[in-house]
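Chemist: Predicted model and sequence below, questions to follow.
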Amino acid sequence: MRARSALYVPADKPRALEKARTLPADLIILDLEDAVAEDRKAEARMNAVDALRVGAWRAPVLLRVNGLTSRHFDADFETALKCAPAGIVLPKAEDAASVRSLHLGLPLWLMIETPRGVLNADALAGVPGVAGLLAGANDLARDLRTRPHPDRWPLLHALSQVVLAARANGVVALDAVFNDVRDAAGFARECVQGRDLGFDGKTVIHPEQVRAANAAFGVSAQEAEAARALLATWAEARAAGLGVTTHAGQLIEELHARTAEETLARWTEEQVL
Ligand SMILES: CC(C)(COP(=O)(O)OP(=O)(O)OC[C@H]1O[C@@H](n2cnc3c(N)ncnc32)[C@H](O)[C@@H]1OP(=O)(O)O)[C@@H](O)C(=O)NCCC(=O)NCCSC(=O)C[C@H](O)C(=O)O
Ligand SMILES: [Mg+2]
């Protein structure tokens, strides 16, 4: 599944809901949780149902409900059953047994954004029906009492734990949001860091961040060209009966060829969509 960008849209904001239909995000997340004030939860639920009923979305639409222990959870759960989104985003997931007992019948996307959630990320990602993990840096930073840092070093251990758990269980890993919607350069830097850490894509909060995330987590023309060149070298090596050779001065083996093939497959997919 392509998940370079996943745009949060507060479900109580009709203009944002309309705008989201026009944006090239790979996933849309209609939010009933933290972006919606307590006294607007009911309105947000109705908007979400209408928005999904109208249809015409370019991307799969997920619904972020309030957490399992929240007083809003039951009503959100009903809403999810009514509007049948492409999946449910469950915030502050902590305990695999509680998640397993939900039986939603819809793909689940779990937010890892508490200390307990990070420690249990592997078990959470392994619950049947889980499609992906989303890092939540704002909640996590608060709970851990870390201080904000431009290169996020106080959170790197937790972010890597999210990637580890996702990879070990074969589900998608989405990086946390970048809060400064005016800082395009800072956002681009953080996307590169997220991709380097192994994330598949980034959760975003503003239309301006969507294309930048798609570019950062997509395959560039240069990456596709480098993959082709590596595969040509590898084909020559195999023809000569070698199991290892060098390319551009670097050791390459079968696994590097597999990675290059995957890169090219993604490149081709991104060109046709
Ligand atoms: C961050 C914002 C509050 C900024 O709002 P604003 O200053 O009004 O933005 P703009 O004026 O620049 O908006 C320009 C137009 O774009 C539309 N818009 C803005 N945001 C979105 C969006 N997310 N999706 C779709 N469309 C959007 C505006 O309506 C304007 O449209 P138009 O008038 O027609 O030109 C705002 O961007 C915002 O609310 N963002 C989403 C915030 C959110 O969802 N937060 C919750 C998820 S993040 C989170 O919870 C993190 C995690 O859990 C953790 O712990 O880390
Ligand atoms: Mg959060």
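Modeler: Perfect, thanks for sending it. Ligands and ions are numbered 1, 2, ... in the order given.

Chemist: residues in the chain within reach of ligand 1, list them.
Modeler: Residues of the chain lying near ligand 1 by CB under 6 Å from any ligand atom: 7-10, 15-16, 19-20, 31, 34-35, 113, 136-139, 176-177, 181, 205-207. The C-beta positions use only the backbone N, C-alpha and C, and glycine is treated the same way.

Chemist: Buried members of the residues you listed into PyMOL, please.
Modeler: Applying 16 or more other CB atoms under 10 Å to those, the buried members can be selected in PyMOL as follows:
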select buried, resi 7+8+9+10+16+20+31+34+35+113+136+137+139+176+177+205+206+207
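
Chemist: For stretch 194-209, measure first residue to last.
Modeler: Distance across stretch 194-209, first residue to last, is 14 Å (CA to CA, to the nearest Å).

Chemist: Strands along the stretch 151-273 of the chain, start to end?
Modeler: 172-175, 201-204, 245-247, 250-252 (DSSP state E, counting those that start in this stretch).

Chemist: out of those strands, deepest packed?
Modeler: Comparing these by mean neighbour count (mean count of other CB atoms under 10 Å), strand 201-204 comes out on top with a mean of 28.

Chemist: how about that one, does it reach ligand 2?
Modeler: No - Strand 201-204 lies out of reach of ligand 2 by CB under 5 Å from the ion, never closer than 9.9 Å.

Chemist: now for that strand, which elements pack on it?
Modeler: strand 5-10, strand 172-175, helix 184-197, helix 207-217 (3 or more CB pairs under 8 Å, 6 or more residues apart in numbering; DSSP states H and E).

Chemist: quick one on the thing from earlier: could I get the strands of the stretch 151-273 of the chain as JSON lines with mean pLDDT and distance to L108?
Modeler: Output for these, formatted as JSON lines (pLDDT from 0 to 100; distance: least, CB to CB, whole Å):
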{"stretch": "strand 172-175", "mean pLDDT": "98", "distance to L108": "12"}
{"stretch": "strand 201-204", "mean pLDDT": "98", "distance to L108": "16"}
{"stretch": "strand 245-247", "mean pLDDT": "98", "distance to L108": "41"}
{"stretch": "strand 250-252", "mean pLDDT": "97", "distance to L108": "38"}
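
Chemist: Any chance of the ones you listed in a markdown table with distance to A121 as columns?
Modeler: Shown next, in a markdown table, are these (distance: least, CB to CB, whole Å):
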| stretch | distance to A121 |
| --- | --- |
| strand 172-175 | 10 |
| strand 201-204 | 16 |
| strand 245-247 | 35 |
| strand 250-252 | 32 |
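
Chemist: Which residues of the chain lie near ligand 2?
Modeler: So the chain meets ligand 2 at 113, 136, 139 (CB under 5 Å from the ion).

Chemist: Nearest to A96 among the helices and strands packed on strand 201-204 would be which one?
Modeler: Nearest to A96 among the helices and strands packed on strand 201-204 is strand 172-175; the distance by CB to CB comes to 17.3 Å.
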